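K.L.:
Requesting a structural model of the entry that follows:
(one chain, ligands or ions: 2)
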Amino acid sequence: MSLISLYKQSLEKVNEPKAIGRVTQVIGLTLEVVCPDLFIGEICHIELTTQDRYVVAEVVGLKKETAILMPFEKAVGITLGSKVVPQGRSAQAKVGQAFLGRVVNAFGEPIDDKGPIAPYDLAPIHKPAINPLSRAPVDTQFSTGLKVVDACLPIGQGQRVGLFAGSGVGKSSLLSGICKYNLDQQKVNIIVLVGERGREVAEFVHETLGPDGLKHSVVIVATAEEPALIRAHAVYTAMAMAEFFSHQQRNVFLSIDSMTRFAFALREIGLAVGEPPTVKGYTSSVFSILPSIVERCGNFQNRGAITALLSVLVEGDDLNDPVVDSLRAILDGHVVLDRALAEKNHYPAVSVLKSVSRMFNRLTTAEQKSDVKSLRHVLSLYDDNKMILELGMLESSQSHIEQIKSDYQVACGFLQQDLGTYVSSADAKLSLNKLKFGGASNG
Ligand SMILES: Nc1ncnc2c1ncn2[C@@H]1O[C@H](COP(=O)(O)OP(=O)(O)O)[C@@H](O)[C@H]1O
Ligand SMILES: [Mg+2]
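P.N.:
Residues are numbered from 1 along each chain as shown. Ligands and ions are numbered 1, 2, ... in the order given. Got it, this is the predicted structure:
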């Protein structure tokens with residue numbers, strides 16, 4: 001056979017459509033399909049016999065003779081024997097500059113009545129791991145505009161930080177505050193809202209974030225009533241969007257609100273596929289996917305940094321929650337919001353004592369370290385004597401207790417900040433330095 005005909009033959013093979021399959025079972029949220037050569041993550045179209053359209057589904061499991069598919073919408077209209085047309089590719093996300101200022105669903109389709117979004121590129125949503133040697137060290141501070149964070153718990157450009165809190169303690173308000181002020185013209189915010197109620201989403205976009213915040217942001221939404229696969233996809237789409245801007249040399253601030261609800265979606269998918277449940281019903285794939293998302297953020301050579309603030313729901317002091325535990329281990333720091341502070345109208349309700357930044361030593365000067373140490377000392381003295389102070393068991397002779405109280409009030413004056421106000425990190429450090437505790441200057 002001549003070389004030309006061999007070449008032609010191989011070309012034909014490439015263009016040959018993959019073999020068509022059939023649906024053989026529908027169980028709960030999954031479809032069993034007989035179709036040769038499917039791969040995990042492959043997108044298939046399921047043709048509906050009664051309507052002139054198809055349902056998009058993803059291959060989520062492979063058994064001996066069958067594949068398990070999960071449709072992106074309700075399986076209404078799918079019958080036994082429905083035709084399965086494999087697409088030979090995994091899911092892609094729409095990405096591009098035109099998405100700035102827009103609110104989209106998990107597929108990058110606009111949901112904000114501002115018309116179609118164009119032009120766009122298509123990017124694969126699953127990526128191989130990043131070569132560790134292409135990472136750059138975290139050595140520049142990422143300015144959040146919040147005094148308590150910038151002065152006491154500095155976040156580095158490219159750092160991955162958890163925002164641990166219960167519901168209604170101020171996570172969304174804090175995230176949006178950081179998105180609003182854009183002094184770094186290179187900065188782009190990618191905000192993904194997973195598993196919230198529709199009302200909360202509208203409130204977040206229109207009121208909490210507002211037009212100023214939205215201008216430099218892409219908001220990706222998958223509400224609670226959407227199927228688990230779509231809720232998980234919203235996060236993958238956000239990752240692809242963040243990587244697109246990072247490759248455009250923009251510094252990205254990625255907020256995932258919340259990682260817990262993303263983990264819930266992954267658990268639902270894992271259980272539907274038949275993975276054995278472990279603690280609290282989470283399947284083992286959850287704990288391999290969470291780090292893979294975190295690892296796609298960071299500081300890189302030759303492209304913009306992806307700084308991530310990932311919210312994690314912690315109800316009560318449930319430290320045994322496996323998602324909380326696993327994220328605490330893989331993140332480079334955590335900011336903890338305390339309900340007791342929020343109840344006292346102390347906002348942002350950041351607990352300095354419970355929060356940790358693993359970059360603290362690298363990002364602070366000796367002077368700042370000593371200022372933060374004094375502040376922490378005041379806060380922990382207050383904590384130690386909380387019962388006496390808050391229950392009014394104070395006697396006038398206990399002047400050192402009075403001193404603890406007044407120092408604490410000075411600290412709170414610095415730590416609290418009105419919603420929607422911005423303080424530069426230089427000013428935050430300066431005002432921390434100027435605090436006067438126990439009659440002696442901190443500086
Ligand atoms: N910095 C703040 N200043 C004043 N009030 C705040 C602040 N942050 C949160 N709140 C109050 O707490 C409520 C819940 O905040 P939100 O950010 O929606 O919490 P979460 O996202 O944790 O559920 C807000 O509606 C607001 O009343
Ligand atoms: Mg919220």
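K.L.:
Next, give phi and psi for the closest residue in space to residue 219 that isn't next to it in sequence.
P.N.:
Excluding the flanking residues, the one nearest residue 219 by C-beta to C-beta, 6 or more residues apart in numbering is residue 103, at 4.4 Å. C-betas here are computed from N, CA, C, even on glycine. For residue 103, the backbone dihedrals (degrees, to the nearest 10) come out as phi -120, psi 120.
K.L.:
quick one, what contacts the residue in the stretch 151-300 of the chain that ligand 2 sits nearest to?
P.N.:
Ligand 2 sits closest to residue 172 of the stretch 151-300 of the chain, with a gap of 3.3 Å, by C-beta to the ion. Shown in contact with residue 172 (C-beta atoms under 8 Å, 6 or more residues apart in numbering): 200, 204, 208, 257, 311.
K.L.:
what's the following helix or strand after the helix or strand hosting the last one?
P.N.:
Residue 311 is located in strand 303-313, with elements delineated by DSSP states H and E. Read in the C-terminal direction, the helix or strand following strand 303-313 is helix 322-330, with elements assigned using DSSP H and E.
K.L.:
what about the residue of the stretch 201-350 of the chain found nearest ligand 1, which SS state?
P.N.:
Closest residue of the stretch 201-350 of the chain to ligand 1, C-beta to the nearest ligand atom: residue 347 (3.3 Å). What DSSP: H, G, I helix; E, B strand; the rest coil gives for residue 347 is coil.
K.L.:
So what are the sheet partners of the strand holding residue 311 and their directions?
P.N.:
strand 160-165 (parallel), strand 251-257 (parallel), strand 298-300 (antiparallel) (DSSP bridges).
K.L.:
how much distance is there from that strand to the middle of the chain?
P.N.:
Centroid separation for strand 303-313 versus its chain: 6 Å, with C-alpha atoms, centre = their mean, to the nearest Å.
K.L.:
do stretch 322-338 as well
P.N.:
12 Å.
K.L.:
got it, and stretch 134-152?
P.N.:
For stretch 134-152, the distance to the chain centre is 17 Å (C-alpha atoms, centre = their mean).
K.L.:
Kindly report the domain assignment for the chain.
P.N.:
3-90, 93-362, 366-441 (automatic domain parsing).
K.L.:
Format the ones you listed as TSV; extra columns: mean pLDDT.
P.N.:
Shown next, in TSV, are the domains of the chain (pLDDT from 0 to 100):
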stretch	mean pLDDT
domain 3-90	84
domain 93-362	91
domain 366-441	84
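K.L.:
which one of these is the most hemmed in?
P.N.:
Highest mean neighbour count among those (mean count of other C-beta atoms under 10 Å): domain 93-362, with a mean of 19.
K.L.:
and it, how far from the chain's centre?
P.N.:
2 Å.
K.L.:
How about the stretch 1-150 of the chain: which residue is closest to ligand 1?
P.N.:
residue 146 (8.8 Å).
K.L.:
residues contacting the nearest residue to residue 197 once chain neighbours are set aside?
P.N.:
Using C-beta to C-beta, 6+ apart and skipping the chain neighbours, the partner closest in space to residue 197 is residue 224 (5.7 Å). By C-beta under 8 Å, 6+ apart, residue 224 lies in contact with 195, 196, 197, 261.
K.L.:
Looks to me like the residue of the stretch 151-300 of the chain closest to ligand 2 is in a helix.
P.N.:
Yes. Under three-state DSSP, residue 172 sits within a helix.
K.L.:
beta partners of the most centrally placed residue in the chain?
P.N.:
Residue closest to the average C-alpha location in the chain (C-alpha atoms, centre = their mean): residue 256, at 2.0 Å. Beta-bridge pairing of residue 256 under DSSP bridges involves residue 192, residue 310.
K.L.:
residues in contact with it?
P.N.:
Going by C-beta under 8 Å, 6+ apart, residue 256 touches 192, 194, 235, 238, 262, 293, 308, 310, 311.
K.L.:
For the stretch 101-250 of the chain, which residues are neighbours of ligand 2?
P.N.:
171, 172 (C-beta under 5 Å from the ion).
K.L.:
How about the residues of the stretch 101-250 of the chain by ligand 1?
P.N.:
Within the stretch 101-250 of the chain, the residues that sit near ligand 1 (C-beta under 6 Å from any ligand atom) are 165, 167, 168, 169, 170, 171, 172, 173.
K.L.:
Look up phi and psi at residue 119.
P.N.:
For residue 119, the backbone dihedrals (degrees, to the nearest 10) come out as phi -80, psi 170.
K.L.:
What are the neighbouring residues in contact with it?
P.N.:
Residue 119 neighbours (C-beta under 8 Å, 6+ apart): 96, 98.
K.L.:
which residue packs closest to residue 23, ignoring adjacent ones?
P.N.:
residue 82 (4.4 Å).
K.L.:
distance of the one you found from ligand 2?
P.N.:
39 Å (C-beta to the ion, to the nearest Å).
K.L.:
I figured that residue hits residue 44, correct?
P.N.:
No. With contact defined as C-beta atoms under 8 Å, residue 82 does not count as touching residue 44 (10.6 Å).
K.L.:
which residues are in contact with both of these two?
P.N.:
Common neighbours of residue 82 and residue 44 (C-beta under 8 Å, 6+ apart) do not exist.
K.L.:
so what's the residue of the stretch 1-150 of the chain closest to ligand 1 up against?
P.N.:
174, 177, 178, 348, 350, 417, 423, 428.
K.L.:
Tabulate those (TSV), appending secondary structure.
P.N.:
Formatted as TSV, the contacts of residue 146 follow (three-state DSSP):
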residue	secondary structure
174	helix
177	helix
178	helix
348	coil
350	strand
417	coil
423	coil
428	helix
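K.L.:
Serialize the residues you listed to a markdown table and add fields for distance to residue 58.
P.N.:
Formatted as a markdown table, the contacts of residue 146 follow (distance: C-beta to C-beta, whole Å):
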| residue | distance to residue 58 |
| --- | --- |
| 174 | 34 |
| 177 | 36 |
| 178 | 33 |
| 348 | 39 |
| 350 | 39 |
| 417 | 44 |
| 423 | 45 |
| 428 | 45 |
